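K.L.:
coords below, sequence missing:
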């Protein structure tokens, strides 16, 4: 289930950064699936991305300048690169430009308040971007802080943690879990390559976050809890509380966005935010104060509780490979196991499709 796999899906979109993190006239570096990238805004305002390594002396392009005409100037020797990645100016000598003086240009798009980048060689398919439409500015939802942390662990481990929320009564006791939420009727649903894990609970004391969302009196509630995974690493948590025996429409909850970007085999860029759903039972409640509280509570859970545990797991895997080769699996692991199986199959299919005829013939001859 938990693994530190060194291969990544390439023909897919990866979340690079929140849109608000890419300002005009900035060169912003990101490493995604072991590829160094530099992001910037074109004069039109659209996002763009190039490989962040000058082919001359391998200086990082993000240490240079963004010039008029959407050109990135290397800060070392002044070579300039256009949107296509080709060098468009060599200020030295006869100003000849070698044909090999170029970097790769990557397709980018902004959707759901996020800058996305397509890392593969196949044509980019915008329909593959997962649905986080509640994050849109015109969605009507009050959005909590669009936040970000870096975790020193493989992205699959972070996804496993999110897809198996049975850890919350122990690791997040009093925040998003508690003694009453240990038991749940877990159901795993698959629709194509999308997995949903349902963990409804009946007539239980609400954990701190759900109590704050709903009645704020600690009285028993029913809880809906559905967490959705789509490949390679995008998760949406839909959870809330409502009257025992009643309907979820009578309650209050949140959508929680978790966008995991593999930086390297051992590091993950973790973007997260949330929005309140359902009923607001106290019309006089200060919504700005609530959003600030929600942002702080979620960052505390992810940074101060999840992150140390996941990073400790990662250290165990790397330090003791013989002792961690075969994890014990429980019923609660059904969702993460299904997600990892789908992702591995997609990666294998992609790798097979990129094999050249020469390589395939060579393998047949060797066998």
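P.N.:
Now that the structure is in, tell me what you want to look at. In this text, all values refer to a predicted model and were calculated from it rather than measured experimentally.

K.L.:
drop to CA atoms for contacts and neighbour counts, all remaining ones
P.N.:
Will do.

K.L.:
where does residue 298 sit: helix, strand or coil?
P.N.:
helix (DSSP: H, G, I helix; E, B strand; the rest coil).

K.L.:
residue 97: neighbouring residues, count only.
P.N.:
Using other CA atoms under 10 Å, residue 97 is surrounded by 16 other residues.

K.L.:
per-residue confidence for the nearest residue in space to it that is not next to it in sequence?
P.N.:
Once flanking residues are discounted, residue 97 sits nearest to residue 90: 6.2 Å by CA to CA, 6 or more residues apart in numbering. For residue 90, the pLDDT comes out at 98.

K.L.:
who touches residue 90 in this structure?
P.N.:
If you count contacts by CA atoms under 8 Å, 6 or more residues apart in numbering, residue 90 has them with 78, 79, 80, 96, 97.

K.L.:
among the residues you listed, which one sits closest to residue 146?
P.N.:
The shortest approach to residue 146 among the contacts of residue 90 belongs to residue 80, at 33.4 Å (CA to CA).

K.L.:
for the closest one, give its distance to residue 71.
P.N.:
6 Å (CA to CA, to the nearest Å).

K.L.:
looking at these two, which one has more neighbours?
P.N.:
It is residue 80, of residue 80 and residue 71, that has more neighbours when counted by other CA under 10 Å, with 25 against 21.

K.L.:
and the pLDDT for the nearest residue to the more buried one once chain neighbours are set aside?
P.N.:
Closest residue to residue 80 apart from its sequence neighbours, by CA to CA, 6+ apart: residue 73 at 4.3 Å. Residue 73 carries a pLDDT score of 98 in this model.

K.L.:
hmm, residue 73 is touching residue 61, no?
P.N.:
Yes. The criterion here is CA atoms under 8 Å, and residue 73 meets it with residue 61 at 7.2 Å.

K.L.:
more crowded one of these two?
P.N.:
When neighbours are counted by other CA under 10 Å, residue 73 and residue 61 differ, and residue 61 comes out ahead with 29 against 23.

K.L.:
residues contacting that one?
P.N.:
Residue 61 neighbours (CA under 8 Å, 6+ apart): 38, 52, 53, 54, 72, 73, 74, 75.

K.L.:
can I get those in CSV including secondary structure and distance to residue 110?
P.N.:
Listed next are these as CSV, based on DSSP: H, G, I helix; E, B strand; the rest coil; distance: CA to CA, whole Å:
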residue, secondary structure, distance to residue 110
38, strand, 16
52, coil, 20
53, coil, 24
54, coil, 26
72, strand, 21
73, strand, 24
74, coil, 26
75, coil, 28
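
K.L.:
turn those into CSV, columns for distance to residue 290.
P.N.:
Listed next are the contacts of residue 61 as CSV, based on distance: CA to CA, whole Å:
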residue, distance to residue 290
38, 35
52, 40
53, 43
54, 46
72, 42
73, 44
74, 45
75, 45
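
K.L.:
for those, name the two members farthest from one another.
P.N.:
Taking CA to CA as the measure, the contacts of residue 61 reach their widest spread between 38 and 75, a distance of 13.3 Å.

K.L.:
what about these two, which has more around it?
P.N.:
A direct count of neighbours by other CA under 10 Å for residue 38 and residue 75 places residue 38 higher, at 23 against 16.

K.L.:
the more buried one reaches residue 32, doesn't it?
P.N.:
No. Counting by CA under 8 Å, residue 32 is not a contact partner of residue 38; they are 10.5 Å apart.

K.L.:
might you report the residue contacts of residue 101?
P.N.:
55, 56, 86, 87.

K.L.:
now do the phi/psi pair for it.
P.N.:
phi -80, psi 80 (degrees, to the nearest 10).

K.L.:
could you measure from the residue sitting furthest away from the middle of the chain over to residue 55?
P.N.:
Centroid-distance maximum for the chain: residue 94 at 46.3 Å, with CA atoms, centre = their mean. Distance from residue 94 to residue 55, counting by CA to CA: 19 Å.

K.L.:
out of the contacts of residue 61, who's nearest residue 123?
P.N.:
residue 38 (20.5 Å).

K.L.:
for the closest residue to that closest one other than its chain neighbours, the count of nearby residues, please.
P.N.:
Excluding the flanking residues, the one nearest residue 38 by CA to CA, 6+ apart is residue 29, at 4.5 Å. Other residues within reach of residue 29, judged by other CA under 10 Å, total 20.

K.L.:
need the contact list for residue 29.
P.N.:
Taking CA under 8 Å, 6+ apart as the contact definition, residue 29 lies against 36, 37, 38, 39, 52, 62.

K.L.:
within the sheet, what are the partner strands of the helix or strand hosting it, with directions?
P.N.:
Here residue 29, judged by DSSP states H and E, is contained in strand 28-32. Sheet pairing here is set by DSSP bridges, and for strand 28-32 it gives strand 35-41 (antiparallel).

K.L.:
in the strand it pairs with, what's buried?
P.N.:
Residues of strand 35-41 classed as buried: 36, 37, 38, 39, 40, 41 (neighbour count, 16 or more other CA atoms under 10 Å).

K.L.:
which of the contacts of residue 61 lies closest to residue 116?
P.N.:
Among those, and counting by CA to CA, the member closest to residue 116 is residue 38, at 12.9 Å.

K.L.:
which residues does the closest residue to residue 95 other than its chain neighbours bridge with?
P.N.:
Leaving aside its sequence neighbours, residue 95 sits nearest to residue 89 (CA to CA, 6+ apart; 7.2 Å). Residue 89 has these beta-bridge partners by DSSP bridges: residue 80.
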